[in-house]
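*Asks:* Would you be able to build a 3D model of this:
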Amino acid sequence: MMKPHYATVGDIKKTNTLSAREETPAYQVALALLESGLHGMPILNSEEKVVGKVSELDLLKALMEGKDLETTPAVEVMRGCPVVIDEGTPLEEVANYMVQLRLFRIPVVDRENHLVGSVTRHDVLRGWMGGLGLTHEGFWG
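*Replies:* Residues are numbered from 1 along each chain as shown. Alright, predicted model coming up:
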């Protein structure tokens, strides 16, 4: 079996650094996702702890339910995060969560449980493969 080039999720760059607060209007969340090209982001409480996530699907569902995204806070359209990982989590474990739970992204927190970013399937695959001779731009260290 090919071992991951980078051992832990803390060793790889998190390309998704977007997040929003519970009170952020869903409209702002939608704009940020559209501008970034990303598909979702974690939602934080006032202590900067991850309390949920909002994806494009959640926003589409809210629109179909007739919600006004400009007046609806993110907390009302978010879903729970099935997994939040810390920077010391081995890459194999992260990949396992993604495969078993069909997750596109997982929020990564530091020792104080504050968000440092989210890793995507792309990040984990790139970290496992070690860049394959590509430049090491985008990797920590």
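
*Asks:* quick one: contacts for the residue nearest in space to the middle of the chain?
*Replies:* For the chain, residue 118 is the residue whose C-alpha lies nearest the centre (C-alpha atoms, centre = their mean; 3.4 Å). Residue 118 is in contact with 14, 16-18, 41-42, 105-108, counting by C-beta atoms under 8 Å, 6 or more residues apart in numbering. (Glycine included, C-beta is placed from N, CA and C.)

*Asks:* The spatially closest residue to it that is not a sequence neighbour and residue 123, how far apart?
*Replies:* Leaving aside its chain neighbours, residue 118 sits nearest to residue 16 (4.1 Å; criterion: C-beta to C-beta, 6 or more residues apart in numbering). Distance from residue 16 to residue 123, counting by C-beta to C-beta, to the nearest Å: 8 Å.

*Asks:* Could you do residue 33 as well?
*Replies:* Distance from residue 33 to residue 123, by C-beta to C-beta: 17 Å.

*Asks:* So the two - more neighbours on which side?
*Replies:* residue 123 (25 against 19; other C-beta atoms under 10 Å).

*Asks:* Are we agreed that the more buried one is in a helix?
*Replies:* Yes: under DSSP: H, G, I helix; E, B strand; the rest coil, residue 123 falls within a helix.

*Asks:* Let me know the pLDDT of it.
*Replies:* On pLDDT, residue 123 comes in at 90.

*Asks:* Residue 45 versus residue 70, what's the distance?
*Replies:* 22 Å.

*Asks:* more crowded one of the two?
*Replies:* residue 45 (13 against 10).
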